[in-house]
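Enquirer: Starting from these lines, generate the structure:
(2 chains)
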Amino acid sequence: MSVVDVKRAAKVAPWLPEVLHGGFKGALAGDADPAAIDGYADHPPRMGFFTDTSVCIGCKACEVACKEWNHVPEDGLKFTGMSYDNTGGLSADTWRHVAFIEQRKPLAWQDPGVSHAEVNVFALAGQGSGASPEQPAMTPSATGSSATGSSATGPSATGPDGQLRWLMSSDVCKHCTHAACLDVCPTGSLFRTEFGTVVVQEDICNGCGYCIPACPYGVIGQRAGDGRAWKCTLCYDRLSDGMEPACAKACPTDSIQFGPLEELRERAARRLTRLHEAGVTDARLYGADPGDGVGGDGAFFLLLDEPEVYGLPPDPVVTTRDLPSMWRHVGAAAAAMAAAAVGAFAAAVIGGRDR
Amino acid sequence: MSESEAPGQGVTREGLRGKRPGRHAMTGVNIPRRWRGRRRGEQPMVPPAEFTSYYGKPVISQPVWQAPDIPGYLFLGGLAGGASLLAAGADLTGRPALGRVSKAGAFAAGGLSLAALVHDLGRRARFLNMLRVFKVTSPMSVGSWLLAGYVPATGVAALTALTGRLRPVGTAATAASALLGPAVASYTAALISDTAVPAWHDGYPEMPFVFTGSGAMAAGGLGLLATPAAENVPARNLALLGTAMELAASERMTRRIGMVAEPYSEGRGGAYMKAAKALALLGAAGAALGRRSRVAAALSGAALLAASAATRWGIYHAGMASAGDPKYTVVPQRQRLNGRAPSGGSATAPMPQTAPGRP
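Expert: Modelled structure (predicted):
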């Protein structure tokens, strides 16, 4: 039993009416600080992912790093025929999933960016691979405005304007501000960490499966042969030791960026502006708006097409937003049932002379 | 997905600025028919809504809840709740046979409902973790506490009624189970509605009435099946009222939620729902017309019990189907989004693939 659950249980049981009122507070508040709502008075900033799919190269290093670090078992060795995606989607045994989408649409003028006449690769190699997101242009693979293509320098040697674009995107648990999985978990196994992320306690989970259809993104799943629910923890263990999550660490293009959510949102807004200025009008942020149906995602994305193309719901809403109304309807229906019973006996007593 | 517009048309050397190039997602071109959400059989009056998805894969996860555990749990909870009401009424109006049948039925159904819930757990040995916290945001948590109070109460009521001992305790237990009964019969509606499953979530205003109506129908059915004709009038009345409530609420729900209601009339869910309706009408007619006949009452009662169970199985399968098809997730959300931001925002342009068609 973690500290959180002790706190939560202590908070919940004795003052029931307060909880009946306050239980929904988290599900209804606007741009909320989830860790504070869940009882952390003093907590580190909310941490998250910004996955910039415009620089994803589909290498799946994130999938592999996640599996290795978190000891996630194999999720089926199958050939799907879905481009290069043989993972299929997020599940109990896939916490990072790289989607591959092939479209009959040119991305833009493709600049292969292979002309590095002025680049001293040895000097760059001395810096190591850890270029900060602020200076990605320092690495050979991202000279100039690589992803935009419509650079002022014009097309270089190769690069016919193609009739195909290949979108790749690394999907992950969104660590919602208002997390349906956490709201509906009857055991308190799912909890909110001090980093504002959502984590399953595997020593508590009894495999009731309620979180699985509650998630508006289809992230969490039940592990076969184990029975419990599993999902991305945003590497809670690594965060606690001041390390970045395994997937972000492994990402070679900084498509997966990890950091305080506030900072990531600013960075994403800058990136979006830059892409729009460069003519990539398809670019849009997904899950970055704290006013959306889940109160904003802790892990949000920059996409190059509509969310549903990537298998993401276009307008997800936390199901517990409607739960106060559901309870009211349940109350009315229960009253109607009791009234029906009273009516049934009243009619029998009044008309009971034939008995 | 037509390919009439040449891909890339209108795209200049300067890029895509100000242009809407052909944007035909190749995803879904070669997907099997069964993933595309087309149905054989009766043709819809409006053309099927077009939408985009990731290789036709579902957006949300299908529940891992198994049949017969979960539909059985829903059915038995309703039956138990209704039977507890009948038991209390029978005690108050001096109908001992109806009281005994209803108390035994409530205990058996409530206990089996609880057992089905535990049986469906991925880790059954940890079922007591359900009582580790109380969360009003989790209908399953609320329900676990309800059942934890309700099932023992029905047990005491049933035992005292069958043995004839400890009458005052039995009276208190009967009253307690009658108070909790309607809650037991209805909370499961919030439980399934409080998910992202479109056919369940979107129906949340009517779902509790479907459930309590169905529960009353089942409890009335049990009373008709197992009680002598001299005492079964309240059971028949409750069954008729419950049938009316259930049918009206179901009808209203499926009409209101539009295309999301398709799984309630198609596939396995649709088959169960149709069977449920037929059995309910048959049972209700038999109960209303065959007043004098013990056999007619018993047959009607059995039909009503079966109808209630079929309704729960239908709702279960409809939910599974609506979770397994991305159409039911994407189309309503896309319509909501397009309705909110007309003619496209700065970053997101309107999407040609999504047609506004909604039955």
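Enquirer: C-alpha from now on. contacts and neighbour counts both.
Expert: Fine.
Enquirer: Assumed A:Pro186 was part of a strand.
Expert: No. Under the criterion used here (DSSP: H, G, I helix; E, B strand; the rest coil), A:Pro186 is coil, not part of a strand.
Enquirer: Contact partners for A:Cys185?
Expert: Contacts for A:Cys185 (C-alpha atoms under 8 Å, 6 or more residues apart in numbering or on different chains) come out as A:Tyr210, A:Cys211, B:Ser138, B:Met140, B:Ser141.
Enquirer: hmm, who's touching the helix or strand the fourth one falls within?
Expert: What it means is B:Met140. Here B:Met140, judged by DSSP states H and E, is contained in helix B:139-163. Defining contact as C-alpha under 8 Å, 6+ apart, one finds that helix B:139-163 is touched by A:184-187, A:210, B:84, B:99-100, B:103-104, B:106-107, B:110-111, B:114, B:130-131, B:133-136, B:166-167, B:169-171, B:173-174, B:176-177, B:180-181, B:183-184, B:187-188, B:190-191, B:194.
Enquirer: before we move on, the earlier item: from the contacts of A:Cys185, which two are the most distant?
Expert: A:Cys211 and B:Ser141 (12.3 Å; C-alpha to C-alpha).
Enquirer: Find residues that contact each of the two.
Expert: Joint contacts of A:Cys211 and B:Ser141 (C-alpha under 8 Å, 6+ apart) are A:Val184, A:Cys185.
Enquirer: about what we covered before: flag every buried residue along the helix holding B:Met140.
Expert: Residues B:139-147, B:150-161 are the ones in helix B:139-163 that count as buried (16 or more other C-alpha atoms under 10 Å in any protein chain shown).
Enquirer: How about stretch B:303-322?
Expert: Those buried within stretch B:303-322 under the rule 16+ other C-alpha under 10 Å are B:303-322.
Enquirer: Close to chain B: what parts of the stretch 101-250 of chain A are there?
Expert: Within the stretch 101-250 of chain A, the positions near chain B by C-alpha under 8 Å from any C-alpha of the partner chain are A:101-106, A:108-109, A:149-150, A:163, A:180, A:183-188, A:204-210, A:212-222, A:226-228.
Enquirer: Select from those residues every entry located in strands.
Expert: A:Ile101, A:Glu102, A:Gln103, A:Arg104, A:Gly221, A:Gln222 (DSSP state E).
Enquirer: The very next helix or strand once past the helix holding B:Met140 packs against which elements?
Expert: Downstream of helix B:139-163, the next assigned helix or strand under DSSP H and E is helix B:167-193. Other helices and strands packing on helix B:167-193, by 3 or more C-alpha pairs under 8 Å, 6 or more residues apart in numbering or on different chains; DSSP states H and E, are helix A:323-350, helix B:69-92, helix B:139-163, helix B:198-201, helix B:207-226.
Enquirer: of the ones you listed, which approaches A:Asp85 most closely?
Expert: Between the helices and strands packed on helix B:167-193, helix B:198-201 lies closest to A:Asp85; by C-alpha to C-alpha that is 26.9 Å.
Enquirer: is any part of the closest one close to chain A?
Expert: Yes. Judged by C-alpha under 8 Å from any C-alpha, helix B:198-201 comes into contact with chain A at B:His201.
Enquirer: Could you name the helices and strands sitting against that helix?
Expert: Against helix B:198-201 (3+ C-alpha pairs under 8 Å, 6+ apart) you get helix B:167-193, helix B:294-324.
Enquirer: So for the first one, mean pLDDT?
Expert: The average of the pLDDT scores along helix B:167-193 is 96.
Enquirer: Next: stretch A:231-242.
Expert: 95.
Enquirer: What is the neighbour count of B:Arg340?
Expert: By other C-alpha atoms under 10 Å in any protein chain shown, 10 other residues sit near B:Arg340.
Enquirer: for A:Glu68, same thing?
Expert: 12.
Enquirer: May I ask which helix or strand encompasses it?
Expert: helix A:61-70.
Enquirer: Next: A:Leu239.
Expert: Going by DSSP H and E, A:Leu239 is part of helix A:236-240.
Enquirer: try A:Phe49
Expert: Using DSSP H and E, A:Phe49 falls in strand A:47-52.
Enquirer: And chain B, is that strand touching that?
Expert: No. With C-alpha under 8 Å from any C-alpha as the criterion, chain B is not reached by strand A:47-52; the gap is at least 15.2 Å.
Enquirer: Tell me the one of the contacts of A:Cys185 nearest A:Asp322?
Expert: B:Ser138 (12.2 Å).
Enquirer: show me what contacts the closest residue in space to the closest one that isn't next to it in sequence?
Expert: Excluding its sequence neighbours, the residue lying closest to B:Ser138 (C-alpha to C-alpha, 6 or more residues apart in numbering or on different chains) is A:Val184, at 4.0 Å. Taking C-alpha under 8 Å, 6+ apart, we find A:Val184 in contact with A:Tyr210, A:Cys211, A:Ala214, A:Thr320, B:Thr137, B:Ser138, B:Pro139, B:Met140, B:Ser141, B:Asp194.
Enquirer: per the record, what domains does chain A have?
Expert: Each domain of chain A is listed here as a residue range: A:3-109+A:145-150+A:158-317, A:324-354, per automatic domain parsing.
Enquirer: Quick one: those domains as TSV, columns for distance to B:Gly94 too.
Expert: Listed next are those as TSV, based on distance: least, C-alpha to C-alpha, whole Å:
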stretch	distance to B:Gly94
domain A:3-109+A:145-150+A:158-317	38
domain A:324-354	10
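Enquirer: Can you flag the weakest of those by average pLDDT?
Expert: Across the domains of chain A, domain A:3-109+A:145-150+A:158-317 gives the lowest mean pLDDT, at a mean of 85.
Enquirer: A:His175: which of the helices and strands packed on helix B:167-193 is closest?
Expert: helix A:323-350 (20.1 Å).
Enquirer: The closest one vs chain B: in contact?
Expert: Yes. Interface with chain B: helix A:323-350 contributes A:323, A:325-327, A:329-331, A:333-338, A:340-345, A:347-349 (C-alpha under 8 Å from any C-alpha).
Enquirer: Taking those, please make a PyMOL selection of just the buried ones.
Expert: Selection of the buried residues among these in PyMOL, burial being defined by 16+ other C-alpha under 10 Å:
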select buried, chain A and resi 323+326+327+329+330+331+333+334+335+336+337+338+340+341+342+343+344+345+348
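Enquirer: Can you report how many residues neighbour residue 237?
Expert: Using chain A here. 13.
Enquirer: meant chain B, my bad for not saying
Expert: 25.
Enquirer: Contact residues of the stretch 201-350 of chain B facing chain A?
Expert: B:201, B:204-206, B:208-209, B:212-213, B:216, B:230-231, B:233-238, B:241-242, B:323, B:329-330, B:333-334, B:336-337, B:347-349.
Enquirer: can you do 7 Å?
Expert: Neighbours of chain A within the stretch 201-350 of chain B, by C-alpha under 7 Å from any C-alpha of the partner chain: B:204-205, B:208-209, B:212-213, B:216, B:230, B:233-234, B:237-238, B:241, B:329-330, B:333-334, B:337, B:347-348.
Enquirer: Please convert the buried members of those into ChimeraX selection syntax.
Expert: The following ChimeraX line selects those of these that are buried, judged by 16+ other C-alpha under 10 Å:
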select /B:204,205,208,209,212,213,216,233,234,237,238,241,329,330,333,334,347,348
